[in-house]
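Visitor: Please find the sequence and the predicted model below.
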Amino acid sequence: MNNQPIFPRIHMSYYVSNIEATIDFYTKFFETEPNKVKEGYAKFLVNEPSLNISFIENKEAIKNDGAHFGIEVNDPEILKQKLGNAMHHNLPIDREKDVTCCYAKQDKFWVTDPDGYRWEVYQFIEDREKLASDAKPQQVGSDNATCCAPLSEEASLTFSK
């Protein structure tokens, strides 16, 4: 029997406005250099999480549709380590502690890349019965929904580094 995972690595590819700024951001965020860089193109092969992510420079193709990406960590120390790395590199950060999002209690932080793509790095703590602490399910996708979106700076809570 083959011991290889059925899906060994997730692949994502999206458009960016400035490949150099994108390479700089993701080198810091993923803590690794890109595996391939060509004119208007970069690819990172990340081991944890197992991810093949590529970027194609094309300003006209960028769509700001509210989507975001997430990385779940299983240990609060790893979350603190990743937050410390993001802070060390002065990446734009929003922090949240004991937040309810998508029917789960989580500690998390968000970083935003140069084109506005948002990444949440979070630790799942426990299931919850509500979608979000101050959002009703029918509000998701509306201007006042809070689930899966970083809190405002004033409302953001911190956890120790």
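Guide: Arrived safely, thanks for sending. Numbers count the residues shown, from 1 in each chain.

Visitor: from here on, contacts and neighbour counts on C-alpha atoms
Guide: OK.

Visitor: Could you tell me how far the nearest residue to Lys130 once chain neighbours are set aside is located from Tyr122?
Guide: In this structure, Lys130 finds its nearest non-sequential neighbour in Tyr103, 5.3 Å apart by Cα to Cα, 6 or more residues apart in numbering. Tyr103 sits 14 Å away from Tyr122, going by Cα to Cα, to the nearest Å.

Visitor: more neighbours, the two?
Guide: The residue with more neighbours, out of Tyr103 and Tyr122, is Tyr122; 25 against 15, by other Cα atoms under 10 Å.

Visitor: Look up how far Val99 lies from that one.
Guide: For Tyr122 relative to Val99 (Cα to Cα), the value is 10 Å.

Visitor: Spell out which residues are contacts of both of the two.
Guide: Contact with both Tyr122 and Val99 is made by residues Gln106, Asp107, according to Cα atoms under 8 Å, 6 or more residues apart in numbering.

Visitor: what's across from the most centrally placed residue in the chain in the sheet?
Guide: Taking Cα atoms, centre = their mean, the centroid of the chain lies closest to Trp119, which sits 1.7 Å from it. For Trp119, the beta-bridge partners under DSSP bridges are Phe69, Val111.

Visitor: Would you map out the domains in the protein?
Guide: The chain breaks down into these domains under automatic domain parsing: 10-60, 68-139.
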